[in-house]
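Undergrad: need a 3D model of the sequence below.
(one chain, ligands or ions: 2)
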Amino acid sequence: MDDIFSQFGDVFGDDSPFGSFFRGAQGGGGGRQRVRRGSDLRIKLKLNLQEVANGVEKKIKVKRHVTCNTCGGNGSKNGTAVQTCSTCQGTGQTRKVVNTMLGQMVSTSTCPTCNGEGKIVTDRCDACFGEGRVLQEDVIPIKIPAGVAEGIQLSVGSKGNVPPRGGVAGDLLIVIEEEEDADLKRDGNNVVFDLYVSFIDAAIGTSVEVPTIDGKARITLDPGTQSGKMLRLKGKGIKELNGYGRGDEIVHVNVWTPKVLSADERAMLEKLRNSPNFQPKPNKNEKGFFDKMKDFFHG
Ligand SMILES: [Zn+2]
Ligand SMILES: [Zn+2]
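TA: Residues are numbered from 1 along each chain as shown. Ligands and ions are numbered 1, 2, ... in the order given. Sure, this is the predicted structure:
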């Protein structure tokens with residue numbers, strides 16, 4: 001199980017016991033009943049490249065406010081009835097008439113006695129101290145689709161906090177973070193691997209193993225492979241989010257030039273220095289860097 005509990009704590013809205021916020025039908029109709037909604041919970045979820053590419057199911061541990069079972073959420077002892085607030089007569093709002101130059105104006109504000117709830121808990125529930133909700137550690141299974149990217153936010157409905165003393169829970173929001181892969185770099189739905197080979201391997205040809213999202217793959221380098229060549233491993237990239245396609249892996253060949261030479265090595269290479277085959281002779285089919293980029297990433 002993935003314990004991302006340590007990342008908990010980034011919470012939308014005011015999470016204090018008396019500060020839950022309202023969303024949805026507000027104002028207008030005066031005495032109209034509002035649906036109280038708890039705050040959203042937001043967590044960050046780090047995924048590796050394989051999880052991003054193929055999608056993954058995770059079980060996430062979160063601490064959230066849930067309805068108190070002892071009082072059923074109203075906050076009073078054993079769930080007995082709560083009193084209607086006498087300050088606002090249960091409307092949750094107080095009205096004040098102000099005389100101005102333009103005449104009388106009525107200003108409405110949240111009732112300070114009940115904090116807009118319209119009800120007062122006189123005999124508090126022992127389990128939740130009158131709050132009507134308790135903090136609980138929940139394990140929430142979530143399915144992450146393939147192809148998500150850094151910063152994408154997924155929402156699990158009603159898995160956030162319930163507000164104090166009754167109402168609907170907010171949502172659990174999951175913000176995706178991509179863990180950088182040691183070998184493969186992401187470029188949209190493609191992944192790029194930088195392969196380094198000796199110029200001997202490049203000249204003679206060789207077969208090498210390269211990492212892919214789903215394990216190793218063996219590729220062949222033809223004799224006379226040029227530095228900068230790009231090989232495409234079809235379908236070895238990242239699945240398209242909400243689609244059916246899949247990106248490719250692009251192996252970018254880098255021919256390694258020795259940085260240090262022993263006297264013997266140097267002597268051997270000196271013999272080849274003026275050999276005609278070692279003189280660069282790029283032909284028209286050997287595209288430069290710019291054309292290759294265009295072909296692979298935009299063609
Ligand atoms: Zn309670
Ligand atoms: Zn009140």
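
Undergrad: any idea which helix or strand carries Ala202?
TA: Using DSSP states H and E, Ala202 falls within helix 199-204.

Undergrad: just how off-centre is that helix within its chain?
TA: On the basis of Cα atoms, centre = their mean, to the nearest Å, helix 199-204 sits 43 Å off its chain's mean C-alpha point.

Undergrad: give the buried residues for that helix.
TA: For helix 199-204, the neighbour count (16 or more other Cβ atoms under 10 Å) marks Asp201, Ala202, Ala203 as buried. Placement of C-beta: from N, CA and C, glycine included.

Undergrad: state the mean pLDDT of it.
TA: Mean per-residue pLDDT for helix 199-204: 96.

Undergrad: what's the first helix or strand after that helix?
TA: Once helix 199-204 ends, the next helix or strand along the chain (criterion: DSSP H and E) is strand 206-212.

Undergrad: so how far is that following strand off the chain centroid?
TA: 31 Å.

Undergrad: go on, stretch 54-62?
TA: Put simply, stretch 54-62 sits 11 Å off its chain's centre (Cα atoms, centre = their mean).

Undergrad: for stretch 47-64, same thing?
TA: 9 Å.

Undergrad: check stretch 210-218 too.
TA: Per Cα atoms, centre = their mean, the centroid offset for stretch 210-218 relative to its chain is 25 Å.

Undergrad: same check on stretch 260-273?
TA: Here stretch 260-273 shows a centroid-to-chain-centroid distance of 52 Å under the convention Cα atoms, centre = their mean.

Undergrad: show the pLDDT at the closest residue to Ile204 other than its chain neighbours.
TA: Once flanking residues are discounted, Ile204 sits nearest to Pro223: 5.8 Å by Cβ to Cβ, 6 or more residues apart in numbering. pLDDT recorded at Pro223 is 97.

Undergrad: to what extent is Pro223 buried, counted in neighbours?
TA: Neighbourhood size, Pro223 [other Cβ atoms under 10 Å]: 10.

Undergrad: for it, give me its contacts.
TA: Ala203, Ile204, Gly205 (Cβ atoms under 8 Å, 6 or more residues apart in numbering).

Undergrad: hmm, try it at 10 Å
TA: Shown in contact with Pro223 (Cβ atoms under 10 Å, 6 or more residues apart in numbering): Asp201, Ala202, Ala203, Ile204, Gly205, Thr206.

Undergrad: so Asn242 touches Pro145, yeah?
TA: Yes - the criterion here is Cβ atoms under 10 Å, and Asn242 meets it with Pro145 at 6.9 Å.

Undergrad: which one of the two is surrounded by more residues?
TA: Pro145 (15 against 8).

Undergrad: how near is the more buried one to Arg186?
TA: From Pro145 across to Arg186, the span is 16 Å (Cβ to Cβ, to the nearest Å).

Undergrad: try Glu131
TA: Distance, Glu131 to Arg186, by Cβ to Cβ: 45 Å.

Undergrad: go on, Ser109?
TA: In this structure, Ser109 and Arg186 are 51 Å apart, going by Cβ to Cβ.

Undergrad: repeat that for Glu270.
TA: Glu270 is 43 Å from Arg186, where distance means Cβ to Cβ.

Undergrad: between these two, who's got more neighbours?
TA: The residue with more neighbours, out of Glu270 and Arg186, is Arg186; 20 against 10, by other Cβ under 10 Å.

Undergrad: name the SS class of the more buried one, please.
TA: The local conformation at Arg186, judged by DSSP: H, G, I helix; E, B strand; the rest coil, is strand.

Undergrad: next: Gln136.
TA: At Gln136 the chain is in strand, as set by three-state DSSP.

Undergrad: name the nearest residue to it, sequence neighbours excluded.
TA: What sits nearest to Gln136 in space, not counting adjacent residues and going by Cβ to Cβ, 6+ apart, is Val66, at 4.8 Å.
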